[in-house]
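>>> Dropping a prediction and its sequence here:
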Amino acid sequence: MTEAAKPWQALAARLVDALKPAAPPIALAFLSHIDRSVARFDAPLAVPNEYGRTGRVAAGCVFWMKAVDRVFSTVAEDHANCSVGSFTHGFLSLAEAANHDDVRAVLDAGWVAPSDMAALPHLSEKPETVVYGPLASMPVEPDIVLLRLNGLALMTLKDAVPQLAIEGKPQCHIIPMAKSTGRPVASVGCALSRARTAMKAEEMTCALPGTSLADIVASIESASALDRAMGRYAAADAKRFPGS
């Protein structure tokens with residue numbers, strides 16, 4: 001563990017203790033250069049579909065699941081099977097993404113309206129690489145910390161951050177939204193992401209901005225302590241009732 005990684009290790013442990021997430025917190029860092037000290041994600045590129053779409057995973061949100069276990073870096077081609085995610089993460093322009101068959105499919109189905117696609121939060125600058133990994137062992141400063149939470153944890157997070165935005169589809173846009181606003185953003189998820197990642201039905205995601213992570217963690221700990229105290233009070237009070 002490097003000296004740079006130690007603060008993230010402590011913050012990761014505090015998040016786990018306060019929120020009991022479904023998986024260890026992961027982190028994302030958007031870099032303008034290739035960091036050769038970080039291993040590339042090494043799965044093979046998939047066979048292109050009839051329109052030429054391919055990538056190393058079905059969608060960028062799949063990297064969230066892989067990052068629980070190890071640190072790795074990705075480039076644009078690794079994300080390229082999902083054009084929506086490639087747009088939100090700055091790898092494609094809106095015009096480029098709109099020309100791809102997967103975006104046309106969701107627009108033609110009416111699942112997303114063209115106006116919603118145009119208004120989707122996205123990174124304005126194309127990164128050279130995105131580093132993913134467990135927050136506890138992140139070798140570079142994270143831009144975003146991603147949590148998979150249940151309803152109880154989301155309740156606590158909302159107490160800690162009253163201005164918390166809770167978004168819907170597509171799930172990946174909470175990443176650029178949190179990065180650009182500097183505020184936590186949660187998502188109830190989306191059908192595409194849930195199918196591709198196999199996230200459990202009760203899991204939701206939340207993106208925390210790395211720039212204010214220490215302050216957010218402190219607020220979460222305070223809210224968690226209060227929620228637990230109120231829970232103990234309510235449980236004790238309920239014992240006055242038969243069958244409790």
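Thanks, I have the structure now. Remember, predicted model here, so these are calculated numbers, not experimental data.

>>> secondary structure element for Ile166?
strand 165-167 (DSSP states H and E).

>>> Let me know the next secondary structure element after that strand.
Immediately after strand 165-167, counting by DSSP H and E, sits helix 174-181.

>>> Could you name the helices and strands sitting against the next helix-or-strand element following that following helix?
Note on helix 174-181: by DSSP H and E, the next helix or strand toward the C-terminus is strand 185-187. Counting contacts by 3 or more Cβ pairs under 8 Å, 6 or more residues apart in numbering; DSSP states H and E, strand 185-187 packs against strand 165-167, helix 174-181, strand 204-209. C-beta coordinates here come from the backbone N, C-alpha and C atoms, glycine included.

>>> quick one, strands of this protein?
Ranges of strands within the chain are 26-31, 72-74, 129-134, 144-149, 165-167, 185-187, 204-209, based on DSSP state E.

>>> Switch those strands over to a markdown table; also include distance to Ser83 and mean neighbour count.
Output for these, formatted as a markdown table (distance: least, Cβ to Cβ, whole Å; neighbours: other Cβ atoms under 10 Å):
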| stretch | distance to Ser83 | mean neighbour count |
| --- | --- | --- |
| strand 26-31 | 18 | 23 |
| strand 72-74 | 16 | 22 |
| strand 129-134 | 16 | 23 |
| strand 144-149 | 21 | 24 |
| strand 165-167 | 19 | 16 |
| strand 185-187 | 19 | 23 |
| strand 204-209 | 20 | 24 |
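
>>> Show me the one of those strands that comes nearest Lys20.
strand 144-149 (8.7 Å; Cβ to Cβ).

>>> Sheet partners, orientation included, of the strand holding Ile166?
Paired neighbours of strand 165-167 in the sheet (DSSP bridges): strand 185-187 (parallel).

>>> With that, I have no additional questions.
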